[in-house]
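Colleague: model this:
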Amino acid sequence: MDNFREGRRWQSNSAHNCCADKRVRVGPLRPVALYEAWNFHFAAVALLNWLPIVYHGVATVIAYILWYQGIAKVTASTAGIFSGIIPVSAVVLSVLLLREPMFWSYWVGIGCVCGAIVLISGRWHSTQRSSHS
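Modeller: Coordinates of the predicted model:
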């Protein structure tokens, strides 16, 4: 825990973390998936319909690997700040790319996230200055 408070880099095996995360979330659903797969006729699905599923699976794995590789190279405080940006970028991209409506509650949430980042980064800079003095 001291590594997180002191801003040291978090060293990890990113591929192991990625797979462990998936096992924890998906593991309990395996019996249900096997039951459904037993009764499903996979050959009835056209090849063109499999492509988006395969693309989504590959893109998700690549995203997890890149995320964990990036976290391994930065301090815990920096990784925490970027974790806060994820929902903000999701809202912004859904409005820009998918033409989703922008509600006032989204603006409140974005303001809270940005405010927290400003507060955290300000406190971090002040502790860094005082520790170097």
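
Colleague: got any ranges where the protein has weak pLDDT?
Modeller: For the chain, the stretches flagged by pLDDT under 70 are 1-26, 123-133.

Colleague: Please parse it into its domains.
Modeller: Domain assignment for the chain, taken from automatic domain parsing, gives 1-74, 76-133.

Colleague: Reformat the ones you listed as CSV; add mean neighbour count.
Modeller: All C-beta spots, glycine's among them, are computed from the backbone N, C-alpha and C. CSV is the format used below for the domains of the chain (neighbours: other C-beta atoms under 10 Å):
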stretch, mean neighbour count
domain 1-74, 11
domain 76-133, 12
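
Colleague: Next SSE downstream of the helix or strand in which Y68 is found?
Modeller: Here Y68, judged by DSSP states H and E, is contained in helix 47-73. Downstream of helix 47-73, the next assigned helix or strand under DSSP H and E is helix 76-98.

Colleague: Let me see the contact set for C112.
Modeller: Residues near C112 by C-beta atoms under 8 Å, 6 or more residues apart in numbering: none.

Colleague: what sits against V91?
Modeller: Counting by C-beta under 8 Å, 6+ apart, V91 touches 102, 106, 109-110.

Colleague: chain center to the helix or strand encompassing P31: distance?
Modeller: Using DSSP H and E, P31 maps to helix 30-38. Relative to the centre of its chain, helix 30-38 is centred 27 Å away, using C-alpha atoms, centre = their mean, to the nearest Å.
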